[in-house]
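Novice: predicted coordinates and the sequence they were generated for:
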Amino acid sequence: MRTMPTLPNKRNSELGAIAIIIAFAWTALFGMAVLAIDFGYLYAKRRGVQSVADAALRASMQTWVDAYPSGLSAATAKANVVTSANGYVNGSNATVATTESGNLYTVSVSRTYPTFIGGVFGLSGKTVTGKATGQRTGGGGGSAIHALNPNGGVCPGGSSWGLGFQAEGMAPLIVNGDITSESQVFFNTTGGSVTGTIKSPCPLTAGVFNSSTPPMTMTPPSAVGPWPAPDPINATVTALGAFCTPPMTIDNDLVGAEMVWSNVGGAAGCDTFPDRVYCSNNIININPVTSMKICPGTRGTFITRTVITVGANDTVDLQPSAAAPMGILMAAYGNGGSAACGANTINMGSAGTYTLQGRIYAPNGCIWTAGAGAIGGVTMTGQIVGRNIAFGMSPSALPWTINGSGGGGGGSWTVYR
Amino acid sequence: MRPRQPPTSRARSRGVAALELALSLSFLVPLMLATLDFGYYFYVGATAEEATRQGLQQVVRKAAGQPCGSALALAARTIVRDTYPAGPTGIACLGADNVSAVYCYMNEPPLGMGASSGPTQIVLECDGTPVANSWHIQVNVSFPLVAGFYRPLLPAGATTGTVRYRASLTATP
């Protein structure tokens, strides 16, 4: 007898379906759990690692800048101190690496963290990395000192007051970097050195342009063009004014006719002010009178259409604002086209010590420093660019040291990324 | 008396679905709760890490390189440790001179954890370790989990029923 084939039982046809559903559903669910738990954990840890990298950069960047271009090992040691203090010990539970490329310095911190659910998918551990990069600014481009006045192509020679760049007085001048002048360069100091190149269209006759006693030591100067040499900052007051700390603008300084700092800080032994880009269409007068001293580490950038005077009678210690455009410390646009230094656009007259970072810029006038002041000397890491630049060094003063690009370290820095 | 019948296929599978459901839920529910609890915990943690970074930057900037005991350093510590935003402004107050960046950052919706006497507590010190004038900040956030199922696995918070996330950071001059 022929038997009829039986239809498959409906229930039998579903056998194994649950297993398939579970296989797919659980894969998706575990995937979601990996996203929420493991990646949430790793994301939180990455924020922590990034914070440590930032702290290490902030602690070591200035060391790198000051000793540029040979500051990597010193900066690395300092970065390692900070990362270790935060529990990230290089070679032990973390990898701390520092690199340099041109004007950029990077600190990278890595550590491997375990996963909780990811092991199911073979994700046993994941390395998270925080990376922070800083950029040299002040000393990063062009000469340490750059005088823009072409003087109509005339090269008077000797002590022709305020044309191009000159340094006169009884203190050594040490310039770690290049000096560029659109007209003359003249030294009559008490020794010192230039470790970069001196560039001028005027004759740099031995024993004439360098009348210092003892003569400043320097590498053979250069009178090679092309001229005019480009302004390394080349910024208009409008362009820089865009960085004023709101609500201050270049035409509304919120102060009145003259912006004056006096008795501004109240900290023991020195005065300070908030880190801002201060702007004015009138005179800016940095003149703390309580202690006659600007606190070390004080940050601020000053931009004006007219004149800046610095009159602290003890110590001036200034860095550019963290929000400074192009690492500028001071920029003054007054004294349009004046050939001489008679009416100073940036006038610094501390009777004590200058410690400055960043760029000082007066494209239309004269940058004049010290006169009878600066007995404690000048240490600047950055760049001075003015139509005319005149250093008047005090008798028996400590050395003036200008660290710019080209021959040594110098400059300010900003967080790059 | 009816002879005893062998159990049918349907009878044999009775209860299997319930068993499958029970077994599945015993894995699925904890998995879902873990997603909720740990996801939220690490979200708060990532926010706290960033708030810590913001706070440390603020105190270092405001102290302006002055020694630990100086008036400037002490004033900076007071601002960062003790000064709360005026209201639930989110991170709009970030960058303000006289408001703690930590509380400000922790106030960002949907968290709103930066209020006075709120879940965020700051320990902020300046000392000579590892070098002079080093700043150490520790941000502790005590908060309830969404479901609370995994609370025993996480560090206990300052108040009953909460867990704690701690972020710390050191900066040197």
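Specialist: Yep, that arrived.
Novice: by residue count, tell me the biggest helix in chain A.
Specialist: When chain A is parsed with DSSP state H, its longest helix is helix A:40-66.
Novice: meant to ask about chain B, not that
Specialist: helix B:16-63.
Novice: so how far is the helix or strand just after that helix from its chain's centroid?
Specialist: Proceeding N to C from helix B:16-63, the next assigned helix or strand is helix B:71-82, under DSSP states H and E. Counting by CA atoms, centre = their mean, to the nearest Å, helix B:71-82 is centred 24 Å from the centre of its parent chain.
Novice: give the other helices and strands that the helix or strand following helix B:71-82 contacts.
Specialist: Counting by DSSP H and E, the next helix or strand C-terminal to helix B:71-82 is helix B:101-106. Under the contact definition 3 or more CB pairs under 8 Å, 6 or more residues apart in numbering or on different chains; DSSP states H and E, helix B:101-106 sits against helix B:16-63, strand B:120-127, strand B:134-143. All C-beta atoms are positioned from the backbone trio N, CA, C, and that covers glycine.
Novice: mind running it again at 6 Å?
Specialist: Applying 3 or more CB pairs under 6 Å, 6 or more residues apart in numbering or on different chains; DSSP states H and E, one finds that helix B:101-106 makes contact with helix B:16-63.
Novice: which residue does the stretch 151-300 of chain A bring closest to chain B?
Specialist: Distance from chain B to each residue of the stretch 151-300 of chain A (CB to the nearest CB) is smallest for A:Gly297, at 2.5 Å.
Novice: in chain B, where is pLDDT below threshold?
Specialist: B:1-13 (pLDDT under 70).
Novice: residue contacts, the residue in it positioned nearest to chain A?
Specialist: At 2.5 Å from chain A, B:Gly65 is the closest residue in chain B, using CB to the nearest CB. Applying CB atoms under 6 Å, 6 or more residues apart in numbering or on different chains, we find B:Gly65 in contact with A:Pro296, A:Gly297.
Novice: mind checking how far the residue of the stretch 151-300 of chain A closest to chain B is from A:Phe165?
Specialist: Using CB to CB, to the nearest Å, we find A:Gly297 at a distance of 30 Å from A:Phe165.
Novice: check B:Gly112 too.
Specialist: 59 Å.
Novice: same check, this time on A:Gln319
Specialist: Distance from A:Gln319 to A:Phe165, by CB to CB: 24 Å.
Novice: again, but for A:Ile250
Specialist: 28 Å.
Novice: could you do B:Arg166 as well?
Specialist: For B:Arg166 relative to A:Phe165 (CB to CB), the value is 56 Å.
Novice: and for B:Leu23?
Specialist: In terms of CB to CB, B:Leu23 sits 86 Å off from A:Phe165.
Novice: what residues are bridge-paired with A:Glu100?
Specialist: A:Glu100 forms beta bridges with A:Tyr105, as assigned by DSSP bridges.
Novice: likewise A:Arg359?
Specialist: A:Ile328, A:Gln383.
Novice: give me the neighbour count for A:Ala23.
Specialist: With neighbours defined by other CB atoms under 10 Å in any protein chain shown, the count for A:Ala23 comes to 9.
Novice: what does the helix or strand hosting it rub up against?
Specialist: According to DSSP H and E, A:Ala23 maps onto helix A:17-33. Helix A:17-33 has contacts (CB under 6 Å, 6+ apart) with A:Ile117, A:Val120, B:Glu20, B:Leu31, B:Thr35.
Novice: next: stretch A:158-174.
Specialist: A:145, A:147, A:149, A:151, A:181, A:183-193, A:340-341, A:366, A:388-393, A:395, A:397, A:399-401.
Novice: go ahead and confirm B:Pro144 touches B:Thr162.
Specialist: Yes. Between B:Pro144 and B:Thr162 there is a contact at 5.2 Å, judged by CB atoms under 6 Å.
Novice: ok, how many other residues are close to the closest residue to A:Thr127 other than its chain neighbours?
Specialist: In this structure, A:Thr127 finds its nearest non-sequential neighbour in A:Thr112, 4.6 Å apart by CB to CB, 6 or more residues apart in numbering or on different chains. Neighbourhood size, A:Thr112 [other CB under 10 Å]: 12.
Novice: swap in the one 5 residues further on?
Specialist: Applying other CB under 10 Å, we find 23 residues neighbouring A:Ile117.
Novice: and the gap between it and chain B?
Specialist: 8 Å (CB to the nearest CB, to the nearest Å).
Novice: so where's the stretch 301-417 of chain A uncertain?
Specialist: A:312-313, A:336-343, A:350-351, A:370-374, A:396, A:405-417.
Novice: still on that earlier bit, what secondary structure does the residue nearest to A:Thr127 sit in?
Specialist: strand (DSSP: H, G, I helix; E, B strand; the rest coil).
Novice: would you confirm that it contacts A:Val128?
Specialist: No. In this structure, A:Thr112 is not within contact of A:Val128 by CB under 6 Å, at 7.9 Å.
Novice: quick one, which of B:Leu23 and A:Phe165 is more surrounded?
Specialist: A:Phe165 (29 against 11).
Novice: that one pairs with what?
Specialist: A:Val185, A:Ile389.
Novice: pLDDT score for it?
Specialist: Listed pLDDT for A:Phe165 reads 91.
Novice: name the helix or strand for the nearest residue to A:Asp54 once chain neighbours are set aside, please.
Specialist: Nearest non-adjacent residue to A:Asp54, counting by CB to CB, 6+ apart: A:Ala132, 4.8 Å away. Using DSSP H and E, A:Ala132 falls within strand A:125-136.
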